[in-house]
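Colleague: Requesting a structural model of the entry that follows:
(one chain, ligands or ions: 1)
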Amino acid sequence: MGETSTQPPEDVRRSHEALCEAIERHTRLYYAEATPEISDFEFDALMGELEALEAQYPALVSPESPTQRVGGQPLVGFETVEHAVPMLSIDNTYNAGELREFDERVRRGLDGEAPVYVVELKLDGVAISLRYENGVLVRGATRGDGSRGDDVTANVRTIRSLPLRLKGTTGTFEVRGEVYMRHAVLEHINRQREQAGDPPLANPRNTTAGTLKLLDPRQVAERRLDLYVYDLVALDDAPPLPHSATLKALTEYGFPVNPNWKRCANIDEVLTCCDEWNTKRAELDYEMDGMVVKVESPEHRRRLGATSKAPRWVIAFKFPAQVARTKLNAITIQVGKSGALTPVAEMAPVLLAGTTVKRASLYNFEDLARKDLRVGDTVELQKAGEIIPQVIRFVPEERPADAKPFALPEACPSCGGLLHKDPDGVFIRCLNAACPAQFKERLEYFASRGAMDIDGMGPAIVDQLVDLGLVRSAADLYSLTPEQLANLDRMGEKSAANLVAALEASKERPLSRLLNGLGIRHVGNHIAEVLAARYNTIDALMAAPVEELSEVFEVGDIVAASVRDFFDTAENRELIQALRRHGVRMDEGPADSTGQPRLFEGKTFVVTGTLRKHSRDAIHQWIKQLGGRASTSVSGKTDYLVAGEKAGSKLAKAQKLGVQVLTEDEFEALAKGES
Ligand code: IVH
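Modeller: Alright, predicted model coming up:
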């Protein structure tokens, strides 16, 4: 064995280099090009090898090694840094007429010469400047005021699609682009927040901006930010390339370049392209708010020059947001699993960008106060990211004379308990651990498909069970008799018997499902699986010291403290004992002992689009239970694509690759062995 201080022999250096290159290549294929060639398992094995090698020869570790994406210590603050070339902004246009005027200005500026344009998507994220020296990333900075921004290098390094070391160039330059968050990622974060009892984050752009400013890169890494680059700024006298050649070069170097750019011979082609994307934008898994039209030729750009604010050779064409008006009938308050109060707008149903909307979260009371919404108002709605409806404003002309401002609740609307404002946030919480609204949310979650999967235990039943005092803890569910259940509203003897059977069946769920169902803060489906795999029995987990927990891969200090805290609370220990007495299983068992047929053994699935019956998570779980693999990107290795409504690029890609496409119903039939 080599000493840690020894210089690595040449053959070790070579294998280290080969490993780094292989990992860089697979990272690029996976994150920048969405065409992975190896499984996650094989990838992890390569990383494991590299880590082992670097542990043995620390001299091999360099900042651009793939092992160094997530740095160690949180920062105290961000340094301000100067951009080598200022990051200018761009002027906006809002309709075809204004875009034609831009074209006329450009042609006048070029003494009548006709420019070629390149049209790109206008990504709605956060602008970033990335500095590479000798082909290696040395700095990432936000736009700031255009001349000086924040040094967020440690944070951008965690973006997997960002190359730490370039392919085929050792150049020194700055690359400009947009950091953004995919809708699927925000949805995932919001599901986790919901499980943790935190209100959802409103939109991907603000979440991206907030994430880039986090001081702990490890938290940033969890947020799965993404990147597209669209410009290269030379720092030497290298002659600038035509824009389309720059985009191609950036792609060659291994940068993620949004593929949806087009070279257009004239302004008519530009307008057609903009029109097309105004409709197609709904298919994208990320937000865009228009198109950017750029003059292709560097010589033309030079002649056009810039004003103090913006270059004259580029313009943004902003898409109109789709807006609907409706009546605000009421503002209700939802109490989440851990007590956070969220105001909700209840509206007269209205059609907006393809779906009927009648409820919209108002996020928090500060936001509501800022918008000064009042019951009886006519409000304007818009969709954030084409998915989540948001109330933008009330229409002043239509405000009824007697509309009263919304009064902040003085007590929890469910239990009358004391309210508390988060010291470092905008959320108001009910502090009563016994609050029935919170308890109902937790119970529903306990019974949900990703947890104990108690078929038939929906919100209507849970409401009654809690209101009638039949259930005071999750364990009480298991004492319910068919007679008690048959007496509930909308229940007959048959459904009562079914529910008792479903309760009985749920006792056999593996530990991971139980852990998920307990609603431990920060422990959702995935972390529950991680903990169950590590500890196998609840007793082992309950006995684990916090230091040990925090060492478990993917767990970390915050989750570890939360788990420890949960099991150190007497009430929770009693709950576990009561569940045990009822015969609820408390271990995970070997990975394959679920008794399920391994129907999907060796098959890889991708799920996309809006599903009607099941959540995407539920389908993923189902696939895994049957021995299959759930992936997020379509490649030659995908066996099936399960496509819901509005399936976009993944569907197109699957069709191109000849991957079998299933509807949700067809998938269900396949999973049940019916087809
Ligand atoms: S080019 C000098 N291209 O939009 C030209 N910008 O409103 C620099 N943006 O600050 C910008 N997508 O953050 C360019 N394909 C794209 C873009 C894009 C999004 C952002 C960028 C810029 C802002 C201007």
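Colleague: got the contact list for Glu410?
Modeller: Listed by Cβ atoms under 8 Å, 6 or more residues apart in numbering, the contact partners of Glu410 are Leu419. Any C-beta I mention is one placed from the backbone N, CA and C, and that applies to glycine too.
Colleague: Regarding it, what is its secondary structure?
Modeller: At Glu410 the chain is in coil, as set by DSSP: H, G, I helix; E, B strand; the rest coil.
Colleague: cool, Leu599 as well?
Modeller: If you use three-state DSSP, then Leu599 falls in the coil class.
Colleague: Go ahead and list the helix or strand containing Leu579.
Modeller: Element membership for Leu579, per DSSP states H and E: helix 570-581.
Colleague: Distance from the chain centre to the helix or strand following that helix, please.
Modeller: Note on helix 570-581: by DSSP H and E, the next helix or strand toward the C-terminus is strand 604-608. Mean-position distance between strand 604-608 and its chain equals 17 Å (Cα atoms, centre = their mean, to the nearest Å).
Colleague: ok, now stretch 60-68?
Modeller: The answer for stretch 60-68 is 27 Å, by Cα atoms, centre = their mean.
Colleague: Kindly check the end-to-end length of that stretch for me.
Modeller: End-to-end distance for stretch 60-68: 12 Å, by Cα to Cα, to the nearest Å.
Colleague: that older thread, who touches the helix holding Leu579?
Modeller: Under Cβ under 8 Å, 6+ apart, the answer for helix 570-581 is Ala433, Ser473, Ala474, Ala475, Tyr478, Leu514, Leu518, Ile538, Met542, Phe566, Phe567, Met586.
Colleague: Swap in 10 Å and give it another go.
Modeller: Identification of contacts with helix 570-581 by Cβ atoms under 10 Å, 6 or more residues apart in numbering yields 433-434, 452, 473-479, 507, 514, 517-518, 520, 538-539, 542, 565-567, 569, 584-586.
Colleague: Which residues belonging to that helix are considered buried?
Modeller: Asn572, Leu575, Ile576, Ala578, Leu579 (16 or more other Cβ atoms under 10 Å).
Colleague: how about Glu54, secondary structure?
Modeller: Glu54 - assigned by three-state DSSP - is helix.
Colleague: Might you report the residue contacts of it?
Modeller: Pro8, His16, Leu19, Cys20, Leu60, Val61, Ser62, Ser65, Pro66, Thr67, Gln68.
Colleague: from these, which ones fall inside helices?
Modeller: Filtering those for membership in helices, criterion DSSP state H, returns His16, Leu19, Cys20.
Colleague: Dump those into TSV; add neighbour count as well.
Modeller: As requested, these are exported to TSV (neighbours: other Cβ atoms under 10 Å):
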residue	neighbour count
His16	21
Leu19	21
Cys20	22
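Colleague: Compile these into CSV and extend it with columns for distance to Gly177 and pLDDT.
Modeller: What follows is the ones in helices among the contacts of Glu54, written out as CSV (distance: Cβ to Cβ, whole Å; pLDDT from 0 to 100):
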residue, distance to Gly177, pLDDT
His16, 29, 94
Leu19, 28, 94
Cys20, 23, 94
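Colleague: what's the closest of these to the ligand?
Modeller: Cys20 (30.6 Å; Cβ to the nearest ligand atom).
Colleague: hang on, the closest one packs against Val136?
Modeller: No: counting by Cβ atoms under 10 Å, Cys20 stays clear of Val136, with 11.9 Å between them.
Colleague: so where does Met291 fall, helix or strand?
Modeller: strand 288-295.
Colleague: Over to Val466?
Modeller: Per DSSP H and E, Val466 falls inside helix 459-467.
Colleague: nearest spatial neighbour of the residue in the stretch 501-650 of the chain that the ligand sits nearest to, skipping sequence neighbours?
Modeller: When scored by Cβ to the nearest ligand atom, the stretch 501-650 of the chain has Ser649 as its residue closest to the ligand, at 17.5 Å. Spatially, and ignoring its direct neighbours in sequence, Ser649 is nearest to Glu283 (6.4 Å; Cβ to Cβ, 6 or more residues apart in numbering).
Colleague: Got the confidence number for the one you found?
Modeller: Looking at Glu283, its pLDDT stands at 80.
Colleague: how close does it get to the ligand?
Modeller: Per Cβ to the nearest ligand atom, to the nearest Å, Glu283 is found 18 Å from the ligand.
Colleague: okay but that residue is in contact with Leu651, surely?
Modeller: Yes: contact criterion Cβ under 10 Å: Glu283 and Leu651 qualify, at 8.7 Å.
Colleague: Tell me which of the two has more neighbours.
Modeller: For the pair Glu283 and Leu651, the greater number of neighbours falls to Leu651 (20 against 16), based on other Cβ atoms under 10 Å.
Colleague: Point to the helix or strand of the protein where mean pLDDT is at its lowest.
Modeller: helix 616-625 (a mean of 81; mean pLDDT, DSSP states H and E).
Colleague: For the ligand, what's its nearest residue on the stretch 1-150 of the chain.
Modeller: For the stretch 1-150 of the chain, Cβ to the nearest ligand atom, closest residue to the ligand: Ala127, 3.1 Å.
Colleague: My read is that that residue contacts Asp150, right?
Modeller: No: using Cβ under 10 Å, Ala127 is not in contact with Asp150, being 11.9 Å away.
Colleague: quick one: common contacting residues for these two?
Modeller: Ala141, Thr142, Arg143, Gly144.
Colleague: State the helix or strand in which the residue most central in space within the chain lies.
Modeller: Centroid-nearest residue in the chain: Val185, 1.4 Å away (criterion: Cα atoms, centre = their mean). Using DSSP H and E, the element containing Val185 is helix 183-195.
Colleague: In the stretch 401-550 of the chain, what residue spans correspond to strands?
Modeller: Ranges of strands in the stretch 401-550 of the chain, per DSSP state E, counting those that start in this stretch, are 419-421, 428-430.
Colleague: Please convert those to CSV, extending it with mean pLDDT and mean neighbour count.
Modeller: CSV is the format used below for these (pLDDT from 0 to 100; neighbours: other Cβ atoms under 10 Å):
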stretch, mean pLDDT, mean neighbour count
strand 419-421, 91, 14
strand 428-430, 92, 23
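Colleague: any chance of the ones you listed in CSV, plus distance to the ligand?
Modeller: Formatted as CSV, the strands of the stretch 401-550 of the chain follow (distance: least, Cβ to the nearest ligand atom, whole Å):
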stretch, distance to the ligand
strand 419-421, 34
strand 428-430, 34
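Colleague: Is it possible to get the ones you listed out as JSON lines so that each row also shows distance to Val314?
Modeller: As requested, those are exported to JSON lines (distance: least, Cβ to Cβ, whole Å):
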{"stretch": "strand 419-421", "distance to Val314": "45"}
{"stretch": "strand 428-430", "distance to Val314": "45"}
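Colleague: Endpoint to endpoint, stretch 24-38 covers what distance?
Modeller: So stretch 24-38: terminal residues 13 Å apart, Cα to Cα.
Colleague: hmm, back to that, next, the angle strand 604-608 makes with the least confident helix or strand of the chain.
Modeller: If you take axes from the mean of the first three to the mean of the last three Cα atoms, to 10 degrees, helix 616-625 sits at 170 degrees to strand 604-608.
Colleague: Can you name the residue of the stretch 401-550 of the chain nearest the ligand?
Modeller: Counting by Cβ to the nearest ligand atom, the stretch 401-550 of the chain gets nearest to the ligand through Val426 (26.7 Å).
Colleague: can you pull the contacts of that residue?
Modeller: Neighbours of Val426 in contact, by Cβ under 10 Å, 6+ apart: Pro199, Tyr363, Asn364, Phe365, Glu366, Asp367.
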